[in-house]
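# Predicted model and sequence below, questions to follow.
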Amino acid sequence: MSNKAARNLFIFGSIFFFVIFLALTYDTMSQVEKRAPEITEGVNAGKMVWHKYDCIGCHTIFGNGSYFAPDMTKIVEKKPKGYLKQFLMDPKAVNPNASMPTLGISASEADEMITFLDWISKVDTNGWPPKPILAVASGVAGKELTPGEKVYRAQNCSGCHSISGIGGTSGPALNHVGSKREKTWLIGHFKDPKAFVPNSAMPPFGHLSEKDLNDLADYMVSLK
Amino acid sequence: MSIKYESQKIAQYFYTFAVILFLVQVLVGIIAALQFMWPDFFFLNFNTIRTLHINALVVWLLVGLMGATYYVIPEESETELWSVPLALLQFWATVVAVTAVVLGYIWMGFSPQANSLVLGTQLLNEGREYIEAPRWADILIVISVLLFLFNCFMTVLKTKKWTGIQGTLLGGLLFLALMYLPGMAYTKNMIKDQWWWWWVIHLWVEGTWEVIAGALLAFMLMKVTGAKREVLEKWMYIEVGLVLFTGILGTGHHYYWIGTPGYWLWIGGIFSSLEPVPLLVMVWDAFRTTREHRVSANRPGQYYAVAHAIFNFVGAGLWGVVHTLPQVNKWTHGTQITTAHGHLAFYGAYVLLVLAMIYVTLPAIRGVKSFNESRSFQSFWWMTISMVFIVLTITGAGMVQTYMERLMGLDYVAVKANYNLWFWILRAIFGVGFLIGVWIFVVDYFKLGKEPQRAVSAAPERA
Ligand code: HEM
Ligand code: HEM
Ligand SMILES: [Fe+2]
């Protein structure tokens, strides 16, 4: 191949691929609107808050960004909105071990942020993030679950709490909660956390039946 | 060695600024690494430190490439640069703009509220990774780059000697400037936001920058070995051609999970898997040329140039291809695997490229025939060994994270705080090793050719 032929191949080949890329860009742009809910003013306001506080400097969204903090794509599916609002405004007040700093987010900004994150969670991402395939929750091999453990699992308490190192870190670890709290306190706290712990960010579980609450409390008491 | 055209000396301004920013980048990198263990130990939060780390990186690489280009263009055109005062103006404008942006980031670090909306955009930080610089800075950057390109094109027009190396280099730079533009507009849709964002990031590092690297590699091999231009330029065209044939549609490997249609899993997977091919051709090219021409006019220059080709392939090619198929990327996307790849790719492809260009051109600029080579080899080994270990460490962290968080469903924070703690400690330690290497390089940069000659043959025979 002569130099001139190589050069022409480079130039025209590159243009060729770039034109294909442009055509695909056009096609994608015409499809993305359909792959997500409508963008309201609230969603856009939340996006502006996202940029203002440089959340991407610690977090990922759609898996892109920084790897210092958890991904935000499905966060509203994992955590109740009331909790998220309190956390965003003052992380360390919710969780003394949090490494996220208090950024000065106002209540209305937090609401907008949650509207935005809610929109994000509804985008069709071709199945990302995938469900874990070695799910730990299948748990204690072979052992029958107690009624309390079943409620614990069904209510996804482990999204926020850990037992023996398994589960979330938003709330305190429950390994030894049985030696710290009594049953009446626990049931009262489940129904209305804020009545027992001022400014608690735990969601209330008053909608559960008395039996479920009782079983759950028995389970907690057994954790010594 | 000496320069043919007085105006080539302008490169030194750019090199010096680049070298200083390199030192800053690595210093803040170590702070960022420590924040993985003690998030609150420093007076600026992690996001600010990380922004400084990656912005310093991108800016010093670009400034270094500008300096290198100001050296190459007069040499290839066989004439003085069109305007030295314009180049100086463009240099100082860049320094002022970069300083202002950095001060803005730090200000925002102290008081996030200061990042207020002015004329519809954030005043201090746009909150988009790598292109955090606010709109007013974007405009200054574009002006500076346009002045730079204008100066280069006017130089070429003086003699109309369009060599292949020069044409490819300027073509790459022009596209680099154009590809900055898609990142400047605001869009309300986060999917589109990320779409255009990747145009900038991916089409830079896996498109235009790689084209520039191909041109500069050919230039360096020609200078240090005296190899024939015709042969080098032919292979250069093949390399940069393959870079763009695979890399443009390879952008698809970032369009798997951001809300874009499913056909990107096919397009991105297939084309990005081929991206290592041109990088491998570059390695072969470097080896072939240096083997065939055993005399080297500049051993450190040749050494860094060949190392650049190798680590470009390893960091970008190998560490890139392992997580580029959608079936793998589904699990590793956005984990520490990505960080490991990012570090080795940037180090191999562009850090070593700019350092190689400095070693190839600086002796001539300083007008010395030979110089004390030992420091350049020392710094190379300190940096390279440390970087390899940082990358292995973080690859380990990424494997643990992928397994425990993504496959087993453990909590992100638990994995980071408990299971990966040792990897963070090791990264910080190797980071200090890297800093030592950078320090030796900085000292070498400032002393090269300026100290009384010792017996030059004392340089250890490690090549
Ligand atoms: C010199 C060239 C390259 C550089 C400097 C580079 C750098 C990077 C960086 C910094 C990221 C992270 C971006 C972020 O912060 O979100 C990234 C992501 C990625 N790179 Fe590269 N890269 C290069 C070449 C390649 C090549 C040749 C391949 C494939 C063969 C590749 C595959 C990937 C993939 C798949 C991701 C996405 C990772 C994820 O899903 O989280 N890269 N690259
Ligand atoms: C020339 C050498 C270096 C280059 C080219 C480089 C490049 C980068 C890039 C591109 C990123 C952002 C993308 C990503 O997170 O994947 C990054 C992040 C980072 N770098 Fe570096 N870096 C270098 C040296 C260092 C050193 C010596 C340290 C300290 C030990 C360091 C620590 C970090 C940390 C902690 C992050 C944040 C990673 C995260 O978000 O998980 N870097 N670096
Ligand atoms: Fe890419």
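Good, I have the coordinates. Ligands and ions are numbered 1, 2, ... in the order given.

# any idea how far A:Asp71 is from B:His333?
B:His333 is 9 Å from A:Asp71, where distance means Cβ to Cβ, to the nearest Å. All C-beta spots, glycine's among them, are computed from the backbone N, C-alpha and C.

# Looking at these two, which one has more neighbours?
For the pair B:His333 and A:Asp71, the greater number of neighbours falls to B:His333 (25 against 21), based on other Cβ atoms under 10 Å in any protein chain shown.

# and the more buried one, what does it touch?
A:63, A:128-129, B:256-257, B:323 (Cβ atoms under 8 Å, 6 or more residues apart in numbering or on different chains).

# Save the residues you listed as a markdown table, and put in pLDDT, distance to ligand 2 and secondary structure too.
Formatted as a markdown table, the contacts of B:His333 follow (pLDDT from 0 to 100; distance: Cβ to the nearest ligand atom, whole Å; DSSP: H, G, I helix; E, B strand; the rest coil):
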| residue | pLDDT | distance to ligand 2 | secondary structure |
| --- | --- | --- | --- |
| A:Gly63 | 98 | 12 | coil |
| A:Trp128 | 97 | 18 | coil |
| A:Pro129 | 97 | 17 | coil |
| B:Tyr256 | 98 | 17 | coil |
| B:Trp257 | 98 | 17 | coil |
| B:His323 | 98 | 12 | coil |
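
# Which two among the residues you listed are spaced furthest apart?
Pairwise distances across the contacts of B:His333 peak at 14.9 Å for A:Pro129 and B:His323 (criterion: Cβ to Cβ).

# Rank the helices and strands of chain A by mean pLDDT and give me the bottom one.
In chain A, no helix or strand scores lower on mean pLDDT, DSSP states H and E than strand A:166-167, which sits at a mean of 89.

# give me the beta-bridge partners of whichever residue of chain A sits closest to ligand 1?
When scored by Cβ to the nearest ligand atom, chain A has A:Asn64 as its residue closest to ligand 1, at 4.7 Å. Beta-bridge partners recorded for A:Asn64 (DSSP bridges): A:Ile61.

# Just the pLDDT for it.
We have a pLDDT of 98 for A:Asn64.

# Can you give me the neighbour number for it?
21.

# how close does the closest residue in space to A:Gly46 that isn't next to it in sequence sit to A:Pro70?
Once flanking residues are discounted, A:Gly46 sits nearest to A:Phe116: 2.5 Å by Cβ to Cβ, 6 or more residues apart in numbering or on different chains. The spacing between A:Phe116 and A:Pro70, counted by Cβ to Cβ, is 16 Å.

# and what of A:Val123?
Using Cβ to Cβ, one obtains 18 Å as the distance from A:Val123 to A:Pro70.

# low-scoring pLDDT stretches of the chain, where are they?
All of this is about chain A. Along chain A, the parts satisfying pLDDT under 70 run over A:135-142.

# Correction: the question concerned chain B.
B:1, B:453-463.

# which one's the longest helix in it?
In chain B, assigned by DSSP state H, the helix with the most residues is helix B:46-77.

# Establish whether that helix and ligand 1 are in contact.
No - legend: contact between helix B:46-77 and ligand 1 by Cβ under 6 Å from any ligand atom is lacking; minimum distance shown is 7.8 Å.

# Quick one: distance of that helix to the chain centre.
Taking the mean of its C-alpha atoms, helix B:46-77 sits 7 Å from the chain's own mean (Cα atoms, centre = their mean, to the nearest Å).

# Show me what it is packed up against.
helix B:11-35, helix B:84-110, helix B:135-159, helix B:164-178, helix B:209-225, helix B:352-366 (3 or more Cβ pairs under 8 Å, 6 or more residues apart in numbering or on different chains; DSSP states H and E).

# out of those helices, nearest to B:Ala414?
The closest of the helices and strands packed on helix B:46-77 to B:Ala414 is helix B:11-35. By Cβ to Cβ, the value is 18.2 Å.

# Spell out which parts of chain A neighbour ligand 1.
Contact residues, chain A versus ligand 1 (Cβ under 6 Å from any ligand atom): A:63-64.

# which residues of chain A fall in helices?
Under DSSP H, chain A gives helices at A:3-32, A:41-52, A:75-78, A:81-89, A:91-94, A:107-121, A:147-154, A:183-191, A:193-196, A:210-222.

# Out of those, which is closest to B:Trp422?
Across the helices of chain A, B:Trp422 has its closest neighbour in helix A:91-94 (25.9 Å, Cβ to Cβ).

# So which bits of that closest one are buried?
For helix A:91-94, the buried set under the neighbour-count rule, 16 or more other Cβ atoms under 10 Å in any protein chain shown, comprises A:91, A:94.

# which residues are in contact with it?
A:83, A:86-87, A:98, A:100-102, A:170, A:199, A:201.

# Number of residues surrounding the closest residue to A:Leu117 other than its chain neighbours?
Ranked by Cβ to Cβ, 6+ apart and with sequence neighbours excluded, the top spatial neighbour of A:Leu117 is A:Val76, at 5.1 Å. Using other Cβ under 10 Å, A:Val76 is surrounded by 19 other residues.

# right, and A:Val76 touches A:Trp119 too?
No - using Cβ atoms under 8 Å, A:Val76 makes no contact with A:Trp119, being 9.2 Å away.

# so how many other residues sit close to A:Cys160?
Residues near A:Cys160, counting by other Cβ under 10 Å, number 22.

# Would you mind giving both backbone torsions of it?
With angles defined as degrees, to the nearest 10, A:Cys160 sits at phi -120, psi -30.

# still on that earlier bit, from the contacts of helix A:91-94, which are also near chain B?
Cross-checking the contacts of helix A:91-94 against chain B (Cβ under 8 Å from any Cβ of the partner chain) gives A:Pro101 as the overlapping residues.

# I'd like to know which of the contacts of helix A:91-94 are buried.
Listed as buried from the contacts of helix A:91-94 are A:83, A:86-87, A:98, A:100-101, A:170, A:201; burial here means 16+ other Cβ under 10 Å.

# Name the pair among those residues with the greatest separation in space.
Taking Cβ to Cβ as the measure, those span a maximum distance of 18.1 Å, between A:Tyr83 and A:Pro101.

# ok, now which ones touch the residue in the stretch 151-300 of chain B that ligand 2 sits nearest to?
Proximity of the stretch 151-300 of chain B to ligand 2 (Cβ to the nearest ligand atom) peaks at B:Val205, 9.1 Å away. Residues near B:Val205 by Cβ under 8 Å, 6+ apart: B:316, B:345-346, B:349-350.
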